[in-house]
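>>> Quick one, what's the 3D model for this:
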Amino acid sequence: MSATIVEIELPADEFALSRTLSELENVEFEIERFVAQDMDHVMPFVWVTGNDGEAIKECLERDESVDSLERLSELEGEWLYRMEWVERIQTVVQILVEEQGSILAAFGDESGWQLRVLFAQRDALSRTYDYCQDAGLTIDIRSVYRLDDGREGRFGLTDEQQDTLVAAFDSGYFDVPRSITLTDLAADLDISHQALSERLRRGQKSVLKNTVIIGDEDRED
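Next up is the predicted model:
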């Protein structure tokens, strides 16, 4: 069976850092990566974006889902934390690990958590979903696609869009300043100026949607 990528949403109050998300405004979390401490514990490295670093730190220290935390880095308006979550949160993450699910992206704000997860087998997704249901979690599956659906499977690109983006990149179209004009690139690809413009726009939109923006299908075009 083929590998499957799924985008899921969880309510903020049913996953990690819910107290911090409810108490502070304009706070966002992005999980950089997970590191397995042992078979039963997974430690997340989390980027936090907000207005007041000290208020965020104090709230995280009171957050019932956080067992321990350490601030590792500080940028302007962003802080990197290494955290250990309490058992009920660890269990959710652990079931993903046991089902060989790789969390490709995870983003949390006041509206909830959005995760993109890669499963080696479709059956693992079904078992994970059943587990979350049994645990009383309100899991919302937003999209599911297989990696053998062609090259478009991972980033939502058609073959033409991917070929065009690669050609544009190799030709220096995205350089500053540009090494080639849209007209010249269209001539090289033997397509019209308008067709190239539309293909680039749609291709870039698909890449952004499937890499930078997750779990937000209600955005306007």
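>>> Any regions of the protein where pLDDT drops low?
Within the chain, the stretches with pLDDT under 70 are 1-2, 36-40, 147-156, 210-221.
>>> Just give me the longest helix of it.
Taking DSSP state H as the criterion, the chain has its longest helix at helix 193-211.
>>> Okay, buried residues for that helix please.
L196, R199, L200, R202, G203, S206, V207, N210 (16 or more other CB atoms under 10 Å). For glycine as for every other residue, the C-beta is placed from the backbone atoms N, C-alpha and C.
>>> One more: stretch 65-83?
Those would be S65, V66, L69, W79, L80, Y81, R82, M83, for stretch 65-83 by 16+ other CB under 10 Å.
>>> Nearest to R142, out of the residues you listed: which one, please.
S65 (23.0 Å; CB to CB).
>>> So the closest one sits against S18, correct?
Yes - between S65 and S18 there is a contact under CB atoms under 8 Å: 6.4 Å.
>>> Could you verify that E84 is part of a strand?
Yes - under DSSP: H, G, I helix; E, B strand; the rest coil, E84 falls within a strand.
>>> thought it was touching S65?
No - checked against CB under 8 Å, the pair E84 and S65 is beyond contact range at 10.2 Å.
>>> on that earlier part again, in strands, which of the buried residues of stretch 65-83 appear?
Counted as lying in strands by DSSP state E, out of these, are V66, L69, W79, L80, Y81, R82, M83.
>>> wait, doesn't I139 sit right on E7?
No - assessed by CB under 8 Å, I139 is found out of contact with E7, at 11.2 Å.
>>> In which helix or strand does the residue of the chain most remote from its centre reside?
Relative to the centre of the chain, the most outlying C-alpha is that of A187, 36.3 Å out, by CA atoms, centre = their mean. Assigned by DSSP states H and E, A187 belongs to helix 182-189.
>>> For that helix, which residues meet the burial criterion?
Per 16+ other CB under 10 Å, helix 182-189 contains these buried residues: L185, A186, L189.
>>> Show me what stretch 126-142 is in contact with.
6-11, 14-15, 91-92, 95-96, 99, 101, 114, 119, 215, 217 (CB atoms under 8 Å, 6 or more residues apart in numbering).
>>> Are any of those residues buried, and if so which?
Among the contacts of stretch 126-142, the ones that count as buried by 16+ other CB under 10 Å are 6-10, 14-15, 92, 95-96, 99, 101, 114, 119, 215.
>>> and which of the ones in strands among the buried residues of stretch 65-83 is nearest to I31?
Using CB to CB, these come closest to I31 at M83, 9.5 Å.
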